[in-house]
Every structure is written in C-alpha cells, then in structure tokens.
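Undergrad: Sharing a sequence plus its predicted fold:
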Amino acid sequence: MATLNGAKILGRGEHIGSIEEGKSADIITINMLQTHFEPRIEKLLDIQRVVADLVFSANSSDVNTVIVDGIIIMHERKITNLDTDEIISNAKQAAHRIFNKMRG
C-alpha cells in the first residue's frame, strides 16, 4: 500500500511506487545491526520481523544512506552534497545576531 499500490491509487504508478529505471525514487538504508533490534529470535530475513523492527524499534540514527531522486544525499552517515561546516558557521552567526538584538 505504501509503495506501488499507493502510487497507483494516486494515478502515479508510472512515475513512482517501485524501484525501476526512469522512475523517481527516494531510498534510505538502515543499519539494523544495533542493540535495540535485538534479540532476534526469528530469522533475519523474515520480512514481517524486519518490518516490525523498522516500525517499532528504528530511529533516525539508524539511517545510514539517503538517496533522493537518484542523488546520494548522505552516505555512511556523512552528508555528501552540503558543506556542513559552512551551515554550522552560518547558524552560529545567525544565533549571535538574534541574541544581540534581544539584548538591545
């Protein structure tokens, strides 16, 4: 429902909903080798168990790679297309300006 059938319902099945050449896709990979996914009593490849683990146990820090419309945005938890040092510097400068305006 969340992928191909959802896209079909929206009338977008030709453009989204499955991983195929020519379709738009946003994909994340999750590192499930974390303690909060344990204990694993069922087989690792049991799809129902994997889905349950993702729904009930996964959090944002488990995301390893992010691909948006075919462009790798984050790989091995490192942002690939932004200058994070510049972003942090700009945020600090903005915070200082706001703080100074608040002080009068």
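TA: Everything's here; your move. In this text the structure is predicted, and so the values were computed from the model without any measurement.

Undergrad: The helix or strand bottoming out on mean pLDDT in the chain: which residues count as buried?
TA: Sorting the helices and strands of the chain by mean pLDDT, DSSP states H and E puts helix 47-56 at the bottom, at a mean of 83. Of the residues in helix 47-56, 50, 53 count as buried by neighbour count, 16 or more other Cβ atoms under 10 Å. Yep, even glycine has a C-beta here, placed from its N, CA and C like the rest.

Undergrad: Start at 38, not 1
TA: Done: numbering now begins at 38, and the last item shifts to helix 84-93.

Undergrad: So which elements touch whichever helix or strand comes after it?
TA: Going down the chain from helix 84-93, the next helix or strand is strand 100-105, by DSSP states H and E. For strand 100-105, the packing partners by 3 or more Cβ pairs under 8 Å, 6 or more residues apart in numbering; DSSP states H and E come out as strand 63-67, strand 108-112.

Undergrad: relative to strand 108-112, how tilted is strand 100-105?
TA: 160 degrees (axes from the mean of the first three to the mean of the last three Cα atoms, to 10 degrees).

Undergrad: Any idea how far the helix or strand harbouring Ile124 is from the middle of the chain?
TA: Element membership for Ile124, per DSSP H and E: helix 121-140. Chain-centre distance of helix 121-140: 27 Å, with Cα atoms, centre = their mean, to the nearest Å.

Undergrad: Poorly predicted segments of the chain, please.
TA: 38-39, 77-82 (pLDDT under 70).

Undergrad: For the helix holding Ile124, which helices and strands make contact with it?
TA: Here helix 121-140 touches no other helix or strand, going by 3+ Cβ pairs under 8 Å, 6+ apart.

Undergrad: closest to Val92 out of the helices and strands packed on strand 100-105?
TA: Within the helices and strands packed on strand 100-105, the stretch nearest Val92 is strand 63-67; the backing value is 11.6 Å (Cβ to Cβ).
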